[in-house]
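Could you work out the structure for the sequence below:
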Amino acid sequence: ELHSVAARVRAEIGEVERANGLKKGSWKTVFINHRLQHMMPGFYGKLNSACARTTVRPHSFVPISLAAAFHEVDEASGWGLLDDRRAQLNLRVAEYHVVEEQGGLPIPKHIDYGSLMTLDIMLSHTSEFEGGIFQTLEADGSFASHPFERGDALIFQSHKYHSISPVTWGRRNVFIAEIWEGLARRCPRRCTEPWGACYCAFRPPELVYRHDRYMERR
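Numbering: from 1, shown residues only. Coordinates of the predicted model:
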């Protein structure tokens, strides 16, 4: 269903292409964001309950079931990212990613800046692509590769260094959601303003001039 939802959102607002230093247009993103609540209410409810509860070993980085979610991961791992000190927790982004041949994220110290926890769900069978390995940079400088099969979910700290090796064949589809301490937004992209006025979708009001005065038309 995520594939059809992404297709509908793409038709409405388009998609964002990026290269990440590789082939131009090899990574495409559809920002479903707030539309997820109305287009997939059941799935959205499971994600939003995170801003309310999966169990993994402390300090582990393993695939988990979506039915379990962020709070127990946070508590079991001792991260303390979603505790009661947070003013307000909300879903920051809901993104549908398509990574094609020669696409990837070969940036060893990439982080999801501004978010607290990130959820990745694999939508493709690993038989449908080669490469595209999810890796994390560890404290000793080594890279850990994490098994990631269709239907698996990975939950991790958003400030954890992570990268994706280039896809050498096929197409890799992933859904990504992030939780942040901030307001719920209705941006058509990745919002960068957790509080106050948001300028992501800012459009100056149309001005109707009349003699020496004008008024705003909203």
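
and residue 74, what are its phi and psi?
The phi/psi pair for residue 74 (degrees, to the nearest 10) reads phi -60, psi -50.

what's the neighbour count on the closest residue to it other than its chain neighbours?
Spatial nearest neighbour of residue 74, excluding adjacent residues (C-beta to C-beta, 6 or more residues apart in numbering): residue 82 at 4.6 Å. (Glycine included, C-beta is placed from N, CA and C.) Using other C-beta atoms under 10 Å, residue 82 is surrounded by 22 other residues.

Let me know the secondary structure of residue 82.
Recorded secondary structure, residue 82: coil (DSSP: H, G, I helix; E, B strand; the rest coil).

distance of it from residue 73?
9 Å (C-beta to C-beta, to the nearest Å).

on that earlier part again, wait, the residue nearest to residue 74 sits on residue 76?
No - look at residue 82 against residue 76 with C-beta atoms under 8 Å: they stay out of range, at 11.9 Å.

List the residues that contact the nearest residue to residue 103 once chain neighbours are set aside.
Distances taken as C-beta to C-beta, 6+ apart put residue 26 closest to residue 103, at 2.9 Å, once the chain neighbours are dropped. Applying C-beta atoms under 8 Å, 6 or more residues apart in numbering to residue 26 gives the contacts 19, 99, 100, 101, 102, 103, 104, 167.

same thing but at 6 Å, please
By C-beta atoms under 6 Å, 6 or more residues apart in numbering, the contact list for residue 26 reads 100, 102, 103.

Next step: those restricted to helices.
Among those, none falls in helices (DSSP state H).

Let's have these in a markdown table, adding neighbour count and distance to residue 116.
Shown next, in a markdown table, are the contacts of residue 26 (neighbours: other C-beta atoms under 10 Å; distance: C-beta to C-beta, whole Å):
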| residue | neighbour count | distance to residue 116 |
| --- | --- | --- |
| 100 | 18 | 30 |
| 102 | 17 | 32 |
| 103 | 28 | 27 |
